[in-house]
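[1] The amino acid sequence is not available; the structure is as follows:
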């Protein structure tokens, strides 16, 4: 990035979708702009406007999204991260997109906050920059594991992990401390938080592969006969992140 603001291209300039999203992202400190949902127009914008992230619909007239990504990779000196928007969550389609250049797939419906988190998780920072934004690290980790961003459990899980990292004592009583803490932040109930997180983990676990899970955690996860429980998953991710940031500037806030 040439400055501190992330530049995001949204490949849709309709009032009720693209323009609305761009406006909300700008309120969150992200420089977002729109272009028509047309492959040629989008590709021209990638070349002339050099966005950091391109949010493109799966269905694009003129050039399909995979052709756009492949052409960008061949012809551009600075290739943005691609977030592909789909109308249905399909693991086969997601895999094809990811193998052909997408950094993230997001299914409708989603809000600007979810998109903003996805943007931050895929942004390509300069190699000299050490990423020490805890929220970005957490978001990136649960996205890579395959938790769909449109599920309520995605937000609850991210918040639960952030709470667990900042205050390890909440893991001593997940039911009595962690779930109620997350519930208060979202003005809901602890049982709903528990169910939503369980569903999010189940969805990610069901569509994942053994190799994905193993590489994610660094050791054979299929030793678990079934998916990890909420507590196990949160503890695993929390421990992995603690090790990852132990030597970073964030470590002081973790271990005080």
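    Perfect, thanks for sending it. None of these values were measured; they are calculated from a predicted model. Numbers count the residues shown, from 1 in each chain.

[2] Helix, strand, or coil at residue 63?
    With DSSP: H, G, I helix; E, B strand; the rest coil as the basis, residue 63 sits in coil.

[3] Tell me which residues touch it, please.
    Residues near residue 63 by Cβ atoms under 8 Å, 6 or more residues apart in numbering: 39, 40, 42, 43, 71. For the C-beta atoms, the positions are set from N, CA and C on the backbone; glycine is no exception.

[4] so how far is residue 18 from it?
    In this view, residue 63 and residue 18 are 18 Å apart by Cβ to Cβ, to the nearest Å.

[5] next one: residue 115
    Relative to residue 18, residue 115 is positioned 11 Å away (Cβ to Cβ).

[6] Just want to know which of those two has more residues nearby.
    A direct count of neighbours by other Cβ atoms under 10 Å for residue 115 and residue 18 places residue 115 higher, at 25 against 22.

[7] thinking again about what came up before, would you list the contacts of residue 63 in CSV and tack on distance to residue 174 and pLDDT?
    Output for the contacts of residue 63, formatted as CSV (distance: Cβ to Cβ, whole Å; pLDDT from 0 to 100):
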residue, distance to residue 174, pLDDT
39, 47, 93
40, 51, 93
42, 44, 95
43, 48, 94
71, 48, 94
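
[8] first vs last residue of stretch 24-39, how far apart are they?
    Stretch 24-39 stretches 24 Å from its first residue to its last (Cα to Cα, to the nearest Å).

[9] Oh, that last question was meant for stretch 71-91, not what I typed.
    Stretch 71-91 has an end-to-end distance of 24 Å (Cα to Cα).

[10] buried ones in stretch 31-46?
    By neighbour count with 16 or more other Cβ atoms under 10 Å, stretch 31-46 contains the buried residues 31-39, 41-43, 45-46.

[11] Would you check which pair of those lies furthest apart?
    Across these, no pair lies farther apart than 31 and 39, at 22.9 Å, counting by Cβ to Cβ.
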